[in-house]
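*Asks:* Sharing a model prediction with you, sequence too.
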Amino acid sequence: MNPLRTLLGGLWRIFLGMGLTLKTFFRPKVTIRYPYERRPVSPRYRGMFYLKWNEEKQRLNCVGCTLCAQACPTDVISMNKVGKGTTAGVDEFVMDLGRCMFCNLCVEACPFDAIYMGDRYEFAVTEKEGSVLRIVDLAQGGPENARRNVETLMRLQAEAAEKGKPGESPKPQARPAEEGA
Amino acid sequence: MSLEPRTDPNPPTAEPETPAKGPAIDAQALHQEILDLGTQGMVMNMGPQHPSTHGVLRLILTLDGEEVMACEPMIGYLHRGLEKMAERRPYRHFLPFTDRLDYVCSLANNLACAQAIERLAGVEVPERAQWLRVALMELNRIASHLLFLGTFGTDLGATTMLLYAFREREEALALLEAITGARLTYNWIRVGGLPDDMPENWDKGVLAFCDLLESRLPEYDRLLTDNPIFRRRTEGVGVVSPEDAKAYGLTGPTLRASGVAYDIRRWAPYEKYAEIDFDVVVLRDGDTFARYLARRLELEQSVRILRQVFDKLPEGPIASKVGKVLKPPPGIAFSQVESPRGELSFTMVSDGSPNPVRVHIRAPSFANLTVLADLVAGNKVADVVAILGSIDIVLGEVDR
Amino acid sequence: MIAQALENPWIRQLVNAAMLLAVINLGVLVLIYLERKVAGYIQSRLGPVHVGPRGWLQSVADAVKLVLKEDIIPAPADRFMFVLAPFFVFVPVLAVFLVLPFSSGWVAYDFSLAALYVIAAGTVAIMGIVMAGWGTNNKYSLLGGLRSAAQLISYEVPVVLAILAVVFFAQSMSLVEIAEAQRGFRWFIFQPPLLVAAFVYMIGQLAETNRTPFDLPEAESELVSGFHTEYSGIRFAMFFLAEFANTFFASALAVVLFFGGWDGLPGLTGALWLVLKSYVLVFVLMWIRWTLPRVRVDQLLGFAWKVLVPIGLIVVLWAAASVVYARGVAR
């Protein structure tokens, strides 16, 4: 009787397995119909980079300290710093995303709240050069803000040069050189 | 557990090694015998590109009809020179690279590397960070074992298992994304702790996931474990005796399925494992089914560990302060973690400069793979796939 | 002029054949869509939803894609075998549809030896598979082809035995008469020996149509695609269509043999009942496919010869005894 027992026992367990698949047949489906529906990402999601725009100061927070470039394991970031001290900034910020690992080390290294990883994850390009992003692509608010950033920096540089002390923000105190200058 | 850098007091002397006792079939001799007979076995490539080799692994099989006479694995298709890259970068810069070793459970690699650096540099990790590291490791272990269940079922023809396992894995990945920001290559362990604390209600999310997983485990059993066809495909196939397992240097569930109770979390506890109550899953048969069952039961143990972590999680800092430039004193440090595949260990040598002199990564999949060639001889082609699946390798860490 | 042409018996038969072909292929397209939807639903996902309303036109899109593909014949392949193999697989499947009765008057050719013809014609497909495996000059395909030959030949025997049991009860080999004998809900499935015969038949047909758990010849995770790895475009489409047409035929034949054929409640026409019942069986086949893992080749052959054939022989004896007993009682 033993072979018959194993055969029937096996058939029974197969039926149990099939019962499970039939049950799942009627359960709700988990498909997310991309691109018509999208899965929400968490607030900490490490997607496309952006340089934070400071509305109050009308400039990007980035001062060009290159800490992010030094923290990057694969040499993704390069920048062009203009000015000195706290009025310094960048007029060009290049990220070669072909090398990027999206490891978050640059974001963690920045002490000026300047670079962040956002929630955009769809950035396929058709040419290799398309994966090299510049400040016009990275500035939060688009190329307009990149331009305004440069304007603000130029203005700050001019004001600092006037005082003859580079790197100092204009202080609200009367000085003889200010009148009629 | 000492965090001081260790210099080896007993350097190895040049001693002749006694060869380990291998299995009964000598592949070389068999191959020669076939050629001597004048009949040629059919040489077939289970090539680097194959649906079932779990990565770019090339198996050169010599077949006699459906039976495998000899098997020669060839690796190196995914070699990226990670150990050399480590020598060219400061210690901290290497951590994101370790994600890509065993990409299915990145946090285990991160942890092993960070532990080695911490031991070299003498950095202490705060309590809260240690507990959270345990939680992250176990969550990753669950994700990895779910992937194993899915791919193993698919190798044997039960494609549905893949979808069910990935449905649960999606939840685990969403939790990991909530805390780290990424779904596969997390890079969420730093020298001295973690980069950031867990978000609000993350612990509730993890506990809800534990409940969900426990409700689904009986379903996996109904579909796969109790299925008579599955049992007949895997029971008695590819048996590894405990002595052979130790001789080949197997670790992880592959070893524990052969009856050897070796788990780094018990043997050399790291982080907070010494204070957690869990069972080490050991099975006696040593066949493919035992290797599958070991991982399936480890899922339950991981859930148990996760629940205890959130009971005991203390408040406190999430990382200790480490200087901007990390220049550990000269020495060698060694760290071991129990990754889902086995014993993953890092050896780092420092000479006081910002870059390490040498990093050696002992990958569990690499050692586990060595048993494959002798195990498949005499079995059928279909068994090759089953055995390879049950050893559960990831080519990223085999090739580095 | 058309009416005049139709008077010619040859042209009439040609038109019949063309209509049958169209119906079969349409049915196969529906079946392919059904397979993917059923697979999706079992696996907690949606299946095709994009092409057409609820994905109904997916099969059409697939067919168009396959037709538009480049015809690749591998350079070292044996051209003659390679090109001929799909026809050897596709044509027998169409040929057996000729004797399948859809309703009392609706059969292309009422053959008195239909049951035997079905088995014989179906066997030709084995040759096609072996030719495909050999002709592509690829070791994976060769393995697939050889596995397939062993499997198909072995599982013919239980299928034949099951059909034999039914023939005993119906006292005829004509499929029309077999279905007629079950009229009025006196389906053969309710007879104990034929219940077991039905199981044997279904398991045998699972193997004959290369479906999991017996899909070794095209074991996707081991042999990429088995004997039809190297085929693309229309040639692959022929294999694909042949497999699904075979599945439908196996189910339809099961309905005719065991479930009363076109017998049903008076609401719908007989043909519709046959198709409905066939689709229920097809659903069961798909359900099995997406639940069970694959058996190994030695286990496959062992199961056929050591389990199914003995059971089949017992069933044949049992059926014969039942018929004789029933006749004796009737006297």
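*Replies:* Arrived safely, thanks for sending.
*Asks:* what's around residue B:325, how many residues?
*Replies:* 10 (other CB atoms under 10 Å in any protein chain shown). Every C-beta, even on glycine, is put in place using the N, C-alpha and C of the backbone.
*Asks:* how about the nearest residue to it, chain neighbours excluded?
*Replies:* Spatial nearest neighbour of residue B:325, chain neighbours left out: residue B:354 (5.8 Å); criterion: CB to CB, 6 or more residues apart in numbering or on different chains.
*Asks:* doesn't residue B:323 make contact with that neighbour?
*Replies:* No: using CB atoms under 8 Å, residue B:354 makes no contact with residue B:323, being 10.8 Å away.
*Asks:* In terms of neighbours, single out the busier of these two.
*Replies:* Set residue B:354 next to residue B:323 and count neighbours by other CB under 10 Å: residue B:354 wins out with 14 against 8.
*Asks:* and stretch B:357-372, how far from the chain's centre?
*Replies:* 10 Å (CA atoms, centre = their mean, to the nearest Å).
*Asks:* try stretch C:107-127
*Replies:* 12 Å.
*Asks:* Over to stretch B:232-243?
*Replies:* 20 Å.
*Asks:* What residues does chain A have near chain C?
*Replies:* A:7, A:14, A:17-18, A:20-22, A:24-25, A:27, A:29-31, A:33 (CB under 8 Å from any CB of the partner chain).
*Asks:* What's the local residue count around residue 97?
*Replies:* Here I'm looking at chain A. Residues near residue A:97, counting by other CB under 10 Å: 16.
*Asks:* hmm, I had chain C in mind actually
*Replies:* With other CB under 10 Å as criterion, residue C:97 counts 22.
*Asks:* Isn't it up against residue C:27?
*Replies:* No: counting by CB under 8 Å, residue C:97 sits too far from residue C:27 to count as a contact (9.6 Å).
*Asks:* what do the two both touch?
*Replies:* residue C:245 (CB atoms under 8 Å, 6 or more residues apart in numbering or on different chains).
*Asks:* Checking the residue nearest to residue B:325 next. Helix, strand or coil?
*Replies:* Under DSSP: H, G, I helix; E, B strand; the rest coil, residue B:354 falls in the coil class.
*Asks:* What does it show for phi and psi?
*Replies:* phi -70, psi -20 (degrees, to the nearest 10).
*Asks:* Which residue is the nearest non-sequential neighbour of the closest residue to chain C within the stretch 301-400 of chain B?
*Replies:* Shortest the stretch 301-400 of chain B-to-chain C distance, computed as CB to the nearest CB: residue-wise this is residue B:382, at 4.6 Å. Nearest non-adjacent residue to residue B:382, counting by CB to CB, 6+ apart: residue C:296, 4.6 Å away.
*Asks:* Run a quick neighbour tally on that neighbour.
*Replies:* Quick note: residue C:296 (other CB under 10 Å) scores 23 neighbours.
*Asks:* what do you get for residue C:317?
*Replies:* Around residue C:317 there are 12 residues (other CB under 10 Å).
*Asks:* Looking at it now. What's its pLDDT?
*Replies:* With respect to pLDDT, residue C:317 scores 93.
*Asks:* now swap in residue B:180 and tell me
*Replies:* Note for residue B:180: predicted pLDDT of 92.
*Asks:* Quick check, it in contact with residue B:186.
*Replies:* Yes: counting by CB under 8 Å, residue B:180 touches residue B:186, with 4.3 Å between them.
*Asks:* picking that back up, ok, the residue nearest to residue B:382 - contacts?
*Replies:* Counting by CB under 8 Å, 6+ apart, residue C:296 has contacts B:232, B:233, B:380, B:382, B:383, C:216.
*Asks:* Next: residue C:214.
*Replies:* Contacts of residue C:214 by CB under 8 Å, 6+ apart are C:151, C:155, C:206, C:207, C:294, C:295, C:300.
*Asks:* What is the burial count for the first one?
*Replies:* Right, the one you point to is residue C:151. Residue C:151: 24 neighbours (other CB under 10 Å).
*Asks:* Can you point out the helix or strand that includes it?
*Replies:* helix C:139-170 (DSSP states H and E).
*Asks:* chain center to the following helix or strand past that helix: distance?
*Replies:* On the C-terminal side of helix C:139-170, the nearest following helix or strand under DSSP H and E is helix C:175-180. The chain centroid and the centroid of helix C:175-180 are separated by 19 Å under CA atoms, centre = their mean.
*Asks:* Could you list the residues in contact with helix C:175-180?
*Replies:* Contacts for helix C:175-180 (CB under 8 Å, 6+ apart): C:99-101, C:104, C:107, C:110-111, C:114-115, C:118, C:166-167, C:170-172, C:253, C:256-257, C:260-263.
*Asks:* so what's residue B:104 up against?
*Replies:* Residue B:104 touches B:143, B:144, B:147, B:340, B:394, counting by CB under 8 Å, 6+ apart.
*Asks:* what about 6 Å?
*Replies:* By CB atoms under 6 Å, 6 or more residues apart in numbering or on different chains, the residues touching residue B:104 are B:144, B:147, B:394.
*Asks:* Excluding covalently adjacent residues, which one is nearest to it?
*Replies:* Residue B:104 sits nearest to residue B:144 (CB to CB, 6+ apart), 4.9 Å away.
*Asks:* Assumed that neighbour was part of a helix.
*Replies:* Yes: counting by three-state DSSP, residue B:144 is part of a helix.
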